[in-house]
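Asker: Provide a 3D model corresponding to the input given below.
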Amino acid sequence: MTGKPLVAIVGRPNVGKSTLFNRLVGQHIAIVEDIPGVTRDRHYADAFALGREFVLIDTGGFDPESDDPMKAGIASQVRLALEECDVVVCVVDATVEPLPADREAVALLRDAGKPVIFVANKADSEKRALDAVSYYELGIESILPISALHGRGIGELEEAILRRLPKAIEIEEQELDVPRVAIIGRPNAGKSSLVNQLCGADRQLVDARPGTTVDSIDTFVERNGTKLVLIDTAGIRRKRSVKKKGIEGLSVIQAIRSIERAHVVVLMIDAQAGVGEQDAKIAGLAYDRGRALIIALNKVDLLTREEQKMAIDRTREVLAFAPWAPLVTVSALEGQGVTALLGRIEDAVAEHRKRISTSELNRFFEEVLEKHPPPTMHHRAVRLYYITQVSVAPPTFVIMTNEPKGVHFSYQRYVMNQIRKRFGFKGTPIRVRYRGKKRGP
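Answerer: Numbers count the residues shown, from 1 in each chain. Predicted coordinates:
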C-alpha cells in the first residue's frame, strides 16, 4: 500500500479552476456507487498522469465563500493547500492583468518551501500566451500558459506535476499484516485524546522498527495483544495555522490524505456537539475508498443516559447510508470504551479481509433466487447465473447475468442485504458488480 500524493489547485474565482480540475481528472472521478444518503464532495478525485496516480483537490470547493468573487478567501485556500498537499498548482487568468487576489496568492506561495506550479489559463492562442508575461512582475520565476478548455499545454502541465511529486514509498509486504488505522473527524472531536490513550507513554514510532519504510508520522501500537499502526499521529497532534473559517475544509483534506493510507477508518464524533454534515462527508470518503469504518461517539461521559440515546439515534439517522458500521460510545479523555473500540477494529479488519468460497456463495445464491427472483426488464427475463468473490478489502463480488443494466437498483440492494444477512461483513463496505454473460447454445 502506498498513499497517493495530493495535488491542490488554487486561485481566485473565475480563472478556470473547475475546468482545469475536470480536464486533469478526465473520466476517473472517484464516485464508486450512488447510494442514497451518501454525502459526496466532488471537489476531489483520482487523477492519472504519465503512469502515476495522485489525488487532485480543488481547494476552492472547500471555501464556503468561494462562490462570491467579492469575498473569496484566497489566503485560507492557499494555506489549506500548503498545510496538507504535496504539490500546488496556482491558476491565474492570462487574459487580464494581475488582480490583488492574484498578488496575495503569489506572495503566499512564492517562498512556501513546497513545489508550486504557476499556470496562466485561458491562453487559447500564442497572443494570449504572450499576454501572461505581465505576471512575471509578481516575482514568479516561470509561468506555464495553458487552455484548460481546449487542452492546450495540459501535457506540459502533467509533466511538471510529475516532476514535483514525492517519490512513491511502498510498504513492505509484512507490514500489510498490521492494520493501518486512520482516526479522523472534525476539529475538537477528541482525536488527540484517543491517540494518547492508545499510544500511552511508551509509544513507538514506526520508523524506529527494523526494515520499515513508512513515515515517522505514524505510530505502532500494541495493546491487549492487538497490533495496529495509527496513521498521521503527528498531524493529529499538530497545532494548525489555518484560520477558523478554513478548518472544516482542512479536516476534509486531512481525511483524504489519511484514508488513502489506511485499512480502517475510525470516525470520531463529539457527542455533545452532535453529528454534522462534515461527519457524513468524511464517512462518505471512507465508503468511496472501500475502507472499513467504525463510528466512535466521544464525550458520552458528559451526557445523561437520555442524551446519550438521542445522540446515538441522531448519528445513525445522519449516517444511515452506513448501517453496517459499528458504533462505539467512548470517553477518550477518561479511557472509557477504548478496549471495546479496539475489539471493533479487530473485528472490522477480519471482516474487511474475509473471503467466501465460490461453492458456498452459490449454494446461498440459489436460495436467494428461489425465494425472490429478479424482476423482468421491459418484458425480458433477467437471468443471474452465478456469483463469485473477486477480491477482499473491501469484499467485492461479481454476478454474471444476461442483462447487466437490467438488474433493478432495489433488487441490487436486496442482494447486498442478503449477503450481509448470511455472511456478516460488519464494519466493512461491500461491492457487488453485475457483468454480462450470454447463455450458450
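
Asker: Can you report how many residues neighbour residue 196?
Answerer: Applying other CB atoms under 10 Å, we find 17 other residues in the vicinity of residue 196. Every C-beta, even on glycine, is put in place using the N, C-alpha and C of the backbone.

Asker: show me what contacts it?
Answerer: Residues in contact with residue 196 (CB atoms under 8 Å, 6 or more residues apart in numbering) are residue 332.

Asker: which secondary structure element contains it?
Answerer: Assessed by DSSP states H and E, residue 196 sits inside helix 191-199.

Asker: So what does the residue nearest to residue 95 when sequence neighbours are not counted look like in phi/psi?
Answerer: Counting by CB to CB, 6 or more residues apart in numbering, residue 122 is the residue found nearest to residue 95 once chain neighbours are left out, at 5.0 Å. With angles defined as degrees, to the nearest 10, residue 122 sits at phi 70, psi 20.

Asker: And residue 146, by the same measure?
Answerer: Main-chain dihedrals, residue 146, degrees, to the nearest 10: phi -140, psi 170.

Asker: For it, give me its contacts.
Answerer: By CB under 8 Å, 6+ apart, the contact set of residue 146 is 20, 119, 120, 121, 123, 152, 153, 154, 156, 157.

Asker: mind checking how far the last one is from residue 285?
Answerer: To tie it back to what came earlier, the one meant is residue 157. Applying CB to CB, to the nearest Å, the value for residue 157 to residue 285 is 26 Å.

Asker: Over to the fifth one?
Answerer: Note on residue 123: its distance to residue 285, by CB to CB, is 34 Å.

Asker: Next, the buried residues of stretch 180-193.
Answerer: 180, 181, 182, 183, 184, 185, 186, 189, 190, 191, 192, 193 (16 or more other CB atoms under 10 Å).

Asker: Now do that stretch, average pLDDT.
Answerer: Mean pLDDT, computed over stretch 180-193, is 86.

Asker: who touches it?
Answerer: The contact list for stretch 180-193 (CB under 8 Å, 6+ apart) reads 1, 194-195, 218, 228-232, 236-237, 247-248, 251, 254-255, 258-259, 261-270, 273, 276, 278-279, 282, 291, 298-299, 332-333, 345.

Asker: export that stretch as PDB, just CAs?
Answerer: Provided in PDB are the C-alpha atoms of stretch 180-193 (Å, rounded to 0.1, in the frame of the first residue of the first chain):
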ATOM      1  CA  ARG A 180      -3.400   0.700   9.400                       C
ATOM      2  CA  VAL A 181      -6.000   2.800  11.200                       C
ATOM      3  CA  ALA A 182      -6.900   6.500  10.400                       C
ATOM      4  CA  ILE A 183      -8.500   8.400  13.300                       C
ATOM      5  CA  ILE A 184     -10.400  11.200  11.600                       C
ATOM      6  CA  GLY A 185     -13.100  13.700  12.400                       C
ATOM      7  CA  ARG A 186     -14.000  17.300  12.800                       C
ATOM      8  CA  PRO A 187     -11.800  19.600  15.000                       C
ATOM      9  CA  ASN A 188     -12.200  19.100  18.700                       C
ATOM     10  CA  ALA A 189     -13.900  15.700  18.300                       C
ATOM     11  CA  GLY A 190     -11.300  14.100  20.600                       C
ATOM     12  CA  LYS A 191      -8.800  12.600  18.100                       C
ATOM     13  CA  SER A 192      -5.700  13.700  20.100                       C
ATOM     14  CA  SER A 193      -7.100  12.300  23.300                       C
END
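
Asker: switch to numbering from 27
Answerer: Sure, I'll start numbering at 27, so the last one becomes stretch 206-219.

Asker: Neighbour count: residue 183 and residue 311, which is higher?
Answerer: Higher neighbour count among residue 183 and residue 311: residue 311, with 26 against 20, using other CB under 10 Å.

Asker: So the more buried one sits against residue 284, correct?
Answerer: No - using CB atoms under 8 Å, residue 311 makes no contact with residue 284, being 9.6 Å away.

Asker: For the stretch 77-226 of the chain, just list every one of the strands.
Answerer: For the stretch 77-226 of the chain, the strands defined by DSSP state E, counting those that start in this stretch cover 78-84, 113-119, 142-147, 170-171, 206-211.

Asker: just the stretch 327-467 of the chain next, same as before
Answerer: Ranges of strands within the stretch 327-467 of the chain are 353-355, 410-417, 422-427, 457-462, based on DSSP E, counting those that start in this stretch.

Asker: closest to residue 37 out of the ones you listed?
Answerer: Closest approach to residue 37 among the strands of the stretch 327-467 of the chain (CB to CB): strand 457-462, 35.9 Å.

Asker: Give the buried residues for the closest one.
Answerer: Neighbour count says strand 457-462 has 458, 460 buried, by 16+ other CB under 10 Å.

Asker: counting contacts, what elements does that strand pack onto?
Answerer: Where contact means 3 or more CB pairs under 8 Å, 6 or more residues apart in numbering; DSSP states H and E, strand 457-462 is packed against strand 422-427, helix 435-449.

Asker: Quick one: work out the angle between the last one and strand 457-462.
Answerer: Looking back up the chat, that one is helix 435-449. If you take axes from the mean of the first three to the mean of the last three CA atoms, to 10 degrees, helix 435-449 sits at 120 degrees to strand 457-462.

Asker: so how far is helix 435-449 from its chain's centroid?
Answerer: 25 Å (CA atoms, centre = their mean, to the nearest Å).

Asker: Under the pLDDT cut-off, which ranges of the chain? List them.
Answerer: 27-29, 53-68, 86-103, 106, 195-202, 226-243, 258-277, 464-467 (pLDDT under 70).

Asker: Please, where are all the helices along it?
Answerer: Counting by DSSP state H, the chain has helices at residues 43-51, 100-110, 126-136, 152-157, 180-190, 217-225, 259-263, 273-286, 303-314, 331-344, 364-378, 384-397, 435-449.

Asker: Good, we can wrap up now.
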